[in-house]
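Asks: What follows is a predicted structure for the sequence shown.
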Amino acid sequence: MDPLSIVGLIIGIAAVVVGNLLEGGRLAFLINGPALLIVLGGTLGAVLLQTPPALFLRGVKMLRWIVVPPRVNLEASIRKIVNWSQLARKEGLLGLEDEIDREADGFTRKGLQLLVDGNETDAIRDALEVEMMTREQQLQAAARVFEAMGGYAPTLGILGAVLGLIQVMQNLTDPAKLGSGIAIAFVATIYGVGLANLIFLPVANKLKSQVRVLMLSQELLLEGILAIAEGENPHNVELKLRGFLA
């Protein structure tokens, strides 16, 4: 679990709300349904227009990583690879065949299968790097969905402000209607800038960092499997892989 995501969100929103109160404003000033509809609805519509459905759904599924990131334990992975190395040294590469079924991760199973099948190190590297590159591109593209939302939201906030000012200009002779138009104009801008900088862009960057950690764990696995294929000493394998913990 990543509590910093929740703490950061609370602190960011609280800073805006408390700052508004300290300046003499009221909480009701920051609540405006039409302004929120313009910003959120417009941002969502723009992102749906530019994003393929599968990519958008992948991004939505990745949202849980903000609070519950993928389980990556590099230390445990190193111990596991060293055990594989010791087993391969004693029983040969075929001794790792039973380990394939024990792995839930498809990337790990594929690497072990390539190793057990006796492929050359270049062939193993090429096969696994292609999968790593493809997966990283897909996950990074899904994270950029929220980056795009962070780009559109401020612009939609300005659009909401313009719409509010249009309403103000049309009702200059009716003071009773000026308040709602001015509220939409300013609150829409707050929503656009606030959502972009407090939610959308931080979420995108957090997801990108999680993707990098996930790719680091796969790179560690790749280097470990290659070291086993080259017949390196288990102790040397461990020393090599511990460089990933730096």
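Replies: Cool, got the structure. Please read all numbers here as calculations on a predicted model, not as lab measurements.
Asks: what domains does the record give for this protein?
Replies: Under the assignment automatic domain parsing, the domains of the chain span 1-31, 33-245.
Asks: Give me the distance between the two termini of the longest one.
Replies: Between the opening and closing residues of domain 33-245 we find a distance of 48 Å, counting by CA to CA, to the nearest Å.
Asks: count of neighbours near Ala123?
Replies: If you count neighbours by other CB atoms under 10 Å, Ala123 ends up with 13. Every residue, glycine included, has its C-beta placed from N, CA and C.
Asks: show me the residues around Val39 that make contact.
Replies: The contact partners of Val39, taken as CB atoms under 8 Å, 6 or more residues apart in numbering, are Ala153, Leu156, Gly157, Gly160, Ala188, Tyr191, Gly192, Leu195.
Asks: If we use 6 Å, what do you get?
Replies: Residues in contact with Val39 (CB atoms under 6 Å, 6 or more residues apart in numbering) are Ala153, Leu156, Gly157, Gly160, Ala188, Tyr191, Gly192.
Asks: in the chain, which residue is closest to the centre?
Replies: Leu207 (1.5 Å; CA atoms, centre = their mean).
Asks: I'd say it and Ala143 touch.
Replies: Yes. Shown here, Leu207 and Ala143 form a contact pair, counting by CB atoms under 6 Å, at 3.8 Å.
Asks: thinking again about what came up before, element containing the residue nearest to the centre of the chain, please.
Replies: Element membership of Leu207, judged by DSSP states H and E, is helix 201-229.
Asks: Using the three-state scheme, assign Glu232.
Replies: Under DSSP: H, G, I helix; E, B strand; the rest coil, Glu232 falls in the coil class.
Asks: what separates it from Arg242, distance-wise?
Replies: 14 Å (CB to CB, to the nearest Å).
Asks: Looking at these two, which is more packed in?
Replies: Remark: of Glu232 and Arg242, Glu232 carries more neighbours, 17 against 14, as counted by other CB under 10 Å.
Asks: For that one, give its distance to Glu238.
Replies: According to CB to CB, Glu232 stands 10 Å off from Glu238.
Asks: can you count the residues close to Val237?
Replies: When neighbours are counted by other CB under 10 Å, Val237 comes out with 23.
Asks: if I pick it, what's in contact with it?
Replies: Val82, Ser85, Ala227.
Asks: Give me the buried positions along the helix or strand that contains Val16.
Replies: Element membership of Val16, judged by DSSP H and E, is helix 3-22. For helix 3-22, burial by neighbour count (16 or more other CB atoms under 10 Å) applies to Ser5, Leu9.
Asks: Tell me the helix or strand right after it.
Replies: helix 33-36.
Asks: From the contact counts, what lies against that next one?
Replies: On a contact count with 3 or more CB pairs under 6 Å, 6 or more residues apart in numbering; DSSP states H and E, helix 33-36 meets helix 175-195.
Asks: The helix it packs on - what's its average pLDDT?
Replies: Mean per-residue pLDDT for helix 175-195: 77.
Asks: How about stretch 136-152?
Replies: Stretch 136-152 comes out at a mean pLDDT of 95.
Asks: Please tell me how far it is from the chain's geometric centre.
Replies: Distance, stretch centre to chain centre, for stretch 136-152: 8 Å (CA atoms, centre = their mean, to the nearest Å).
Asks: now stretch 238-246
Replies: For stretch 238-246, the distance to the chain centre is 25 Å (CA atoms, centre = their mean).
Asks: Report the buried residues of it.
Replies: Applying 16+ other CB under 10 Å to stretch 238-246 flags Glu238, Lys240, Leu241, Phe244 as buried.
Asks: neighbouring contacts of that stretch?
Replies: Leu74, Ile78, Val82, Leu220, Gly224.
Asks: For Asp105, see how far away the second one is.
Replies: In other words, Ile78. Taken as CB to CB, the span from Ile78 to Asp105 is 15 Å.
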